[in-house]
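Trainee: Sequence isn't available, so here's the structure alone:
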């Protein structure tokens, strides 16, 4: 055995396998969201109707995360990982059956149901991957922070690539060929992972009880509350507001105009998410996680949340005062949202580390499931408010709402206590 192999932490092979499967899933997840959003916007759906398409996706995440932690504790992490990948393949195949001749109501209900299934799949996969890090990461010298930052940061970079992939597939091949192609690729990944999964993940225990999902730890509960408003603050402009705003600015309604708008919107959302992922991966080094005491890291979570509040508030004022869209205003919005993405990434990385640091090994899947239930609640709240706020007050109201939600997240982070 080589020195390099001996130097690898125990469970490293399982970590790589789980991460690869999670990457494949998130690529299809990002592409699917962009496909659905742009396809139905061109069919004439209003901002509120577009938000409806994703509500069941986010609601399913709330329910799934509550139960997924118990399922993983009871049946093992590989079972929830395989279930998540399988359900995403089914969701993609189902979406290919959408009939253009259906009524608007039937189309909305069908897509909501399929998106709900995809939401279940996403959170089963996410909970499995994040819990695996807690169990497999080496202890000491910031190992946990580094491993979770790499997983989370790379995941978001892959999802950003998925946004661009979805927009490109829609422009080049159309809706149905795109979703069928993604189903085939993800099915192949599922088969490969199922056949080659290394040992190292827990297989579950029969004594796990569902009531144990709800945490009694004050840090876990306050961190979960902060997570609700942090992700609500992102999705309130990210899900509907910005794509619809940019489409209105960039497209003249022609086929060529739509194609340009699709690529531009997909590229922006891809760059934003990739930047977000890159900063997440770099966060442990930037925050000196390996040498700082836990109390300082908890304090950093409060300070970074407060700094994030400023960005959407300033952007809301600029957009409101700017009047009709102009090149300088569009460039300012893009630059401001990229700054928001970088600050948001540090906040998210701190949260992802702290939930694993606060969790006890014997109930990690329960605490992670509860925490990501809060994450899904924030996305649901942000998705709903994204459509409503854009319909009522346009992009300025979306951004102002984001500022308020970040401030509420900072209040939650202020209640955390170092152990």
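Mentor: That came in fine, so what should we check first? Nothing here was measured: the structure is a model prediction, and the numbers come from that model.

Trainee: low-confidence ranges in the stretch 51-200 of the chain?
Mentor: Confidence mapping of the stretch 51-200 of the chain against pLDDT under 70 gives the ranges 68-76, 130, 132-145, 148, 198-200.

Trainee: any chance you could map the strands in the chain?
Mentor: Assigned by DSSP state E, the strands in the chain number zero.

Trainee: what packs against the longest helix seen in it?
Mentor: Secondary structure of the chain per DSSP state H: the longest helix is helix 364-413. Counting contacts by 3 or more CB pairs under 8 Å, 6 or more residues apart in numbering; DSSP states H and E, helix 364-413 is packed against helix 47-75, helix 104-136, helix 218-238, helix 241-250, helix 294-322, helix 327-358. The way it works is simple: take the backbone N, C-alpha and C, and place the C-beta from them, glycine included.

Trainee: Tell me which residues are up against the fourth one.
Mentor: It stands for helix 241-250. Contact partners of helix 241-250, identified using CB atoms under 8 Å, 6 or more residues apart in numbering, comprise 37-38, 41, 47, 50, 257, 260-261, 264-265, 268-269, 325, 330, 337, 386, 389-390, 394-395, 398-399.

Trainee: Any of those residues buried? List them.
Mentor: Among the contacts of helix 241-250, those classed as buried by 16 or more other CB atoms under 10 Å are 37-38, 41, 47, 50, 261, 264-265, 268-269, 325, 330, 337, 386, 389-390, 394-395, 398-399.

Trainee: where does the stretch 251-400 of the chain dip in pLDDT?
Mentor: For the stretch 251-400 of the chain, residues meeting the criterion pLDDT under 70 lie at 288-295, 323, 325, 360-365.

Trainee: Go again with 80.
Mentor: The stretch 251-400 of the chain contains residues with pLDDT under 80 at 251-255, 257-258, 280-301, 322-327, 352-353, 356-370, 372.

Trainee: these two touch, right, residue 66 and residue 370?
Mentor: Yes: the pair residue 66 / residue 370 is scored as a contact, 7.0 Å apart, by CB atoms under 8 Å.

Trainee: Please list all residues in contact with residue 87.
Mentor: Residues near residue 87 by CB under 8 Å, 6+ apart: 117-118, 120-121, 124.

Trainee: swap the cut-off to 10 Å and go again
Mentor: 64, 117-122, 124-125 (CB atoms under 10 Å, 6 or more residues apart in numbering).

Trainee: Give the buried subset of those as a PyMOL selection command.
Mentor: A single PyMOL command selects the buried members of those (16+ other CB under 10 Å):
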select buried, resi 64+117+118+119+120+121+122+124+125
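
Trainee: Mind picking the two most distant members of the contacts of residue 87?
Mentor: Pairwise distances across the contacts of residue 87 peak at 12.9 Å for 117 and 125 (criterion: CB to CB).

Trainee: Spit out the residues that contact those two alike.
Mentor: Common neighbours of residue 117 and residue 125 (criterion: CB under 10 Å, 6+ apart): 87-88.

Trainee: any idea how far the residue nearest to the spatial centre of the chain is from residue 110?
Mentor: For the chain, residue 156 is the residue whose C-alpha lies nearest the centre (CA atoms, centre = their mean; 7.1 Å). Distance, residue 156 to residue 110, using CB to CB, to the nearest Å: 29 Å.

Trainee: close enough to count as contact, residue 55 and residue 383?
Mentor: Yes: if you go by CB atoms under 10 Å, residue 55 and residue 383 touch, sitting 6.1 Å apart.

Trainee: So the two - more neighbours on which side?
Mentor: residue 383 (26 against 18; other CB atoms under 10 Å).

Trainee: Just to check, the more buried one is in contact with residue 236?
Mentor: Yes: Residue 383 lies in contact with residue 236 (CB under 10 Å); the separation is 8.1 Å.

Trainee: returning to what we had before: most tightly surrounded among the helices and strands packed on helix 364-413?
Mentor: helix 218-238 (a mean of 24; mean count of other CB atoms under 10 Å).

Trainee: how much does it deviate in direction from helix 241-250?
Mentor: Interaxial angle of helix 218-238 relative to helix 241-250 (axes from the mean of the first three to the mean of the last three CA atoms, to 10 degrees): 10 degrees.

Trainee: any idea of the mean pLDDT in helix 218-238?
Mentor: Across helix 218-238, pLDDT averages out at 91.

Trainee: Mind giving me the packing neighbours of that helix?
Mentor: Using 3 or more CB pairs under 10 Å, 6 or more residues apart in numbering; DSSP states H and E, the elements in contact with helix 218-238 are helix 47-75, helix 241-250, helix 255-286, helix 294-322, helix 327-358, helix 364-413.

Trainee: ok, how many other residues are close to residue 184?
Mentor: Using other CB under 10 Å, residue 184 is surrounded by 12 other residues.
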